[in-house]
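A.B. asks: any chance you could fold what I've pasted below:
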Amino acid sequence: MVEEIRTTTDGHPVVVAFSGGLDSTVTAALARDALGRDRVLLITVNMGIYAYTRGNEIVLEVAERLGLPQRCLLGQFKQHRVQAAGPACNRCTREIKLGMVKAVAGGRLVLTGANRSDTWGQFGLKVCNGYYAPLLDLEKPEIGTLADALGVRPPRIGENPGREGCKLKHLLKPLAAPEYHGRAVARANEVVLTVLREAGVTPDLANVKIIGPLGRNIGLVNVRPAPNAELRGRLTAALRAIEQLDEVHVVAGPLTLVAKASPAILNDPHARYWIEHGRLAPDFAAPVTVDWQPTSNTRLGTFQIVGFRSAGPA
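C.D. replies: A predicted model of the protein is given here:
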């Protein structure tokens, strides 16, 4: 892989779209070993209130461990435009996380961590339009093995055992009012990790999904392993103190999520399957199914989870 990077870049300086996560860390380490420290610049797009405090710390820690220079760009306010019509993770990746990096790359090739474990890796090209994905043919376990061999495996935030780092992915409706919707998802997902850390708990999964109609923020709390009654009470109390959260429910059993969707999604079985099984299910502490319904909101570009039905207490 080191030799491939040297050949593909022709030894020229590169930038790495760097999040501090496993994929971009391994990409950065390989580029460093292939080209030298003076030819690799890490560029991070920081999402402001939508970035985890621990995530910001990890970015700096890992960059220092790699011995590579790092530059930070602020993408928070671009999120307000991209997510206004509903959750749009791929558009965020394309326009904000990669688009902003490429805009300041000065013509240098932009290395990404795209791989077979994400949709970019499944459908993209290894070298395309100024981007290069050295890990494109690898699955997540292989990338983990590489990280261990290189001695660069980064710490976890605790949000998710796989892809983690963005609070805004837990807002499952349009970011129509940042002061209301944005602050709810930002504060709730910081609070849940703080309460668990203070309790001495290292979670495998921890998030608060924000659902509901635009005028009501409903928090679905996902923690794995499941919290005991005392910790559950502490989590609920801390979250109910957030002004922008109108309801709080701890997920304790299977759920059916009620989703309003744009025609583009409602009429595309592949899109519905990916959202349900790739986008939603991995972040929930219990099995979920989705009840897909048409929307009358002409401004909804993707989907909105407007409510839920529980098979047990939640």
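A.B. asks: most centrally placed residue in the protein?
C.D. replies: For the chain, Cys166 is the residue whose C-alpha lies nearest the centre (Cα atoms, centre = their mean; 4.1 Å).
A.B. asks: quick one, what contacts that one?
C.D. replies: 47, 50-51, 92 (Cβ atoms under 8 Å, 6 or more residues apart in numbering). Where C-beta positions appear, they are placed from N, C-alpha and C, glycine not excepted.
A.B. asks: in strands only, show me those.
C.D. replies: Assigned to strands by DSSP state E, none of the contacts of Cys166 qualify.
A.B. asks: farthest pair in those residues?
C.D. replies: Within the contacts of Cys166, Ala51 and Cys92 form the most distant pair, 12.7 Å apart (Cβ to Cβ).
A.B. asks: which residues of the stretch 101-250 of the chain fall in strands?
C.D. replies: 109-111, 127-128, 131-132, 205-211, 218-224, 247-250 (DSSP state E, counting those that start in this stretch).
A.B. asks: most tightly packed of the ones you listed?
C.D. replies: Across the strands of the stretch 101-250 of the chain, the average number of neighbours (mean count of other Cβ atoms under 10 Å) peaks for strand 205-211, which reaches a mean of 25.
A.B. asks: if I take that strand and strand 218-224, what angle do their directions form?
C.D. replies: 160 degrees (axes from the mean of the first three to the mean of the last three Cα atoms, to 10 degrees).
A.B. asks: elements contacting strand 205-211?
C.D. replies: helix 183-198, strand 218-224, strand 303-310 (3 or more Cβ pairs under 8 Å, 6 or more residues apart in numbering; DSSP states H and E).
A.B. asks: and the ones you listed as JSON lines, adding mean pLDDT?
C.D. replies: Formatted as JSON lines, the helices and strands packed on strand 205-211 follow (pLDDT from 0 to 100):
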{"stretch": "helix 183-198", "mean pLDDT": "97"}
{"stretch": "strand 218-224", "mean pLDDT": "98"}
{"stretch": "strand 303-310", "mean pLDDT": "96"}
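A.B. asks: so which of the ones you listed is the most surrounded?
C.D. replies: Across the helices and strands packed on strand 205-211, the average number of neighbours (mean count of other Cβ under 10 Å) peaks for strand 218-224, which reaches a mean of 23.
A.B. asks: pairing partners for that one, with directions?
C.D. replies: Under the criterion DSSP bridges, strand 218-224 sits next to strand 205-211 (antiparallel), strand 247-250 (parallel) in its sheet.
A.B. asks: would you mind writing the CA trace of the first one as CSV?
C.D. replies: In this case it means strand 205-211. Extracted C-alpha coordinates of strand 205-211, given in CSV (Å, rounded to 0.1, in the frame of the first residue of the first chain):
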residue,chain,number,x,y,z
LEU,A,205,-23.0,2.6,22.0
ALA,A,206,-24.4,5.9,23.4
ASN,A,207,-26.5,8.5,21.6
VAL,A,208,-29.7,10.4,21.7
LYS,A,209,-31.8,10.4,18.5
ILE,A,210,-33.9,13.5,18.1
ILE,A,211,-37.2,12.8,16.3
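A.B. asks: gap between that strand and the chain center?
C.D. replies: 12 Å (Cα atoms, centre = their mean, to the nearest Å).
A.B. asks: now stretch 140-151: buried residues?
C.D. replies: 140, 143, 146-147, 150 (16 or more other Cβ atoms under 10 Å).
A.B. asks: also stretch 239-254?
C.D. replies: Using 16+ other Cβ under 10 Å as the burial criterion, the residues of stretch 239-254 that qualify are 239, 242, 244-245, 248-252.
A.B. asks: between those, which is closest to Arg224?
C.D. replies: Closest to Arg224, out of all of these and judged by Cβ to Cβ, is Val251, at 9.5 Å.
A.B. asks: who touches that closest one in this structure?
C.D. replies: Per Cβ under 8 Å, 6+ apart, neighbours of Val251: 220-222, 284-286, 314.
A.B. asks: good, wrapping up.
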